[in-house]
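**Student:** pasting a predicted model and its sequence here:
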Amino acid sequence: MDILSTYSLRCSGLAENKAYYYRFLLKKTFFSQYPESQVENAKINVKVRVLKFPSLLKINFILEGEIVLPCDRCADDLEVKIKHKAKLIAKYGDETSDLTEIDEVMTLSKAETDLPIAQHLYEYVHLALPISRRHKRKADGTTGCNPKSLEELAKYTEKKVEKSTTVDPRWGKLNDLLSKK
Ligand SMILES: [Zn+2]
């Protein structure tokens, strides 16, 4: 069965002016459906409220949970907490909007029985990602990063520098001449 199709909201047979509530969980299995996802490992609870009006559905999302991302500095796992709210207005019309393009307002065909929201949830999670992804300093001011990983990275960078200084032997000779002076 297609995992993503389970992320959908019922949109037929709803009573007017009534609210409907849904809960979803986004985990590895969800993100593994998207090869381009920045998120692989996460546990995010999603609460959805659907309000049914005569001509539209008003949908509110609250996403809350943890995401594991690589730290920008030491590349070790970094747990990031997120909380994100989003709104979606689905107006009844002739044809359902293209759901690969996520907007705050969309058109929903009256013939639809379900509204797929996997793409919405995917986008909301990526909107909630922090720009800076680094381990915070500890209370005593020392780095919160993995010291071993930092050491390894430093070694790797040193090696790279060494290599680049020996790329062209002519420069080496010139350096020898200059240093003899
Ligand atoms: Zn780090």
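**Tutor:** Great, that's in hand. Numbers count the residues shown, from 1 in each chain.
**Student:** what about the residue nearest to the spatial centre of the chain, which helix or strand?
**Tutor:** Residue closest to the average C-alpha location in the chain (Cα atoms, centre = their mean): residue 126, at 3.0 Å. Here residue 126, judged by DSSP states H and E, is contained in helix 118-127.
**Student:** now swap in residue 154 and tell me
**Tutor:** Judged by DSSP H and E, residue 154 forms part of helix 147-165.
**Student:** for that helix, give the mean pLDDT please.
**Tutor:** Per-residue pLDDT over helix 147-165 has a mean of 77.
**Student:** cool, and stretch 129-143?
**Tutor:** Rounded mean pLDDT across stretch 129-143 is 92.
**Student:** ok, and does that stretch reach over to the ion?
**Tutor:** Yes: residues of stretch 129-143 contacting the ion under Cβ under 5 Å from the ion: residue 135. In this view, the C-beta of every residue, glycine as well, is placed from N, C-alpha and C.
**Student:** doesn't residue 39 make contact with the residue nearest to the centre of the chain?
**Tutor:** Yes: the criterion here is Cβ atoms under 8 Å, and residue 126 meets it with residue 39 at 7.2 Å.
**Student:** number of nearby residues for the nearest residue to residue 116 once chain neighbours are set aside?
**Tutor:** Computed as Cβ to Cβ, 6 or more residues apart in numbering, the closest residue to residue 116 that is not its neighbour in sequence is residue 8, at 4.7 Å. By the measure other Cβ atoms under 10 Å, the count of residues near residue 8 is 16.
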